[in-house]
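> take a look and give me a structure for this.
(one chain, ligands or ions: 2)
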Amino acid sequence: MAVEGRLLFRGAEAELYLVTWGDGVALAKVRVEKPYRHPAIDKRLRWRRTATEARAIRGALEAGVPAPAVYLVDPPSYTIVMEYVEGACKLADIVEREFEKAKELTARLGRYVARLHKAGIAHGDLTTSNVLVRGDELFLIDFGLADLRAGLREKAVDLHLFLRSLESTHPHVVEVMMESFLEGYREAAGQEAVRELVAAMREIRLMGRYREERRTAWRSA
Ligand SMILES: Nc1ncnc2c1ncn2[C@@H]1O[C@H](COP(=O)(O)OP(=O)(O)O)[C@@H](O)[C@H]1O
Ligand SMILES: [Mg+2]
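Ligands and ions are numbered 1, 2, ... in the order given. All right, here's what the predicted structure looks like:
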């Protein structure tokens, strides 16, 4: 399909257009070509991520995790038409502006991610920029890297990525936000699940550090 509409956002890998849909509006997410990738690989990636995103959103909604409703999926044009969450901002902005509200929302996010994980889905790119907030509502977006058969490791990567996004953009509140997130997760999944997950995340982080150290050692060698 060819998308006609007004360009609203240019994301890391997609362009997002406001389009008319029935007698209302919708958001068309179109994954665009990346010139640094081999064309065949690029097409395959965009096709797969489009299909994955639509499936993961459906799985999230079925698990009771709020995400934009999907209206249409068209992998051949790398396009998803979805509900436009009008007037939303990112959780990242709330963390900067309204600390108490951000804590509460982050606990709720923890509950949602626990539900998602229980359904066997890992988000794959869980950051404070991929969570939209409108009033008291919260929406998870950007599921293109999701894993629909996630094991403990993929789930722990979600946690690791979320923590890393806090560390890189909100270093002053990392501990408090992570505590809120885990509190919410614990409420939905239980203490044992959190313990397991945090242990797996620590391992991932340790390996990362090990790799970093090796790289530095290489460089100085
Ligand atoms: N359903 C939506 N409603 C409103 N805004 C959205 C919606 N989906 C995405 N956006 C906006 O577009 C931006 C990029 O979308 P995203 O799915 O994260 O693409 P990318 O993979 O390029 O990061 C988001 O950060 C958000 O501001
Ligand atoms: Mg994004």
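> can you report how many residues neighbour Arg149?
8 (other C-beta atoms under 10 Å). Using the backbone N, CA and C atoms, a C-beta is placed for each residue, glycine as well.
> how about it, nearest residue that isn't a chain neighbour?
Computed as C-beta to C-beta, 6 or more residues apart in numbering, the closest residue to Arg149 that is not its neighbour in sequence is Gly120, at 5.9 Å.
> count of residues packed around the one you found?
The burial count for Gly120: 15, using other C-beta under 10 Å.
> was I right about it contacting Ala146?
No. Contact criterion C-beta atoms under 8 Å: Gly120 and Ala146 do not qualify, at 10.5 Å.
> where does pLDDT dip in this protein?
210-221 (pLDDT under 70).
> for the residue nearest the centre of it, give me the backbone phi and psi.
The residue lying closest to the centre of the chain (C-alpha atoms, centre = their mean) is Leu126, at 3.6 Å. Torsion angles at Leu126 (phi, psi; degrees, to the nearest 10) stand at phi -80, psi 100.
> OK, contacts around it?
Leu126 makes contacts with 113, 158-159, 161-162, 165, as judged by C-beta atoms under 8 Å, 6 or more residues apart in numbering.
> can you rerun that using 6 Å?
158, 161-162 (C-beta atoms under 6 Å, 6 or more residues apart in numbering).
> out of those, flag the one nearest to ligand 2.
The nearest member of these to ligand 2, counting by C-beta to the ion, is Leu161 at 11.8 Å.
> how much space between the closest one and Arg44?
In this view, Leu161 and Arg44 are 24 Å apart by C-beta to C-beta, to the nearest Å.
> more neighbours: these two, which one.
Leu161 (20 against 12).
> what strand or helix carries that one?
Assessed by DSSP states H and E, Leu161 sits inside helix 152-169.
> list the buried residues in that helix.
Judged by neighbour count (16 or more other C-beta atoms under 10 Å), helix 152-169 contains these buried residues: 154-163, 165-166.
> what of stretch 29-43?
Using 16+ other C-beta under 10 Å as the test for burial, stretch 29-43 gives 29-31, 42.
> run through who's touching that stretch.
So stretch 29-43 is in contact with 3, 13-16, 46, 50, 78-80, going by C-beta under 6 Å, 6+ apart.
> among the contacts of Leu126, which one sits closest to ligand 1?
Taking C-beta to the nearest ligand atom as the measure, ligand 1 lies nearest Leu161 of the contacts of Leu126, at 13.1 Å.
> so what's the closest one up against?
Leu161 neighbours (C-beta under 6 Å, 6+ apart): Leu126.
> Ala26 looks like it's in a strand, true?
Yes. Ala26 sits within a strand when classified using DSSP: H, G, I helix; E, B strand; the rest coil.
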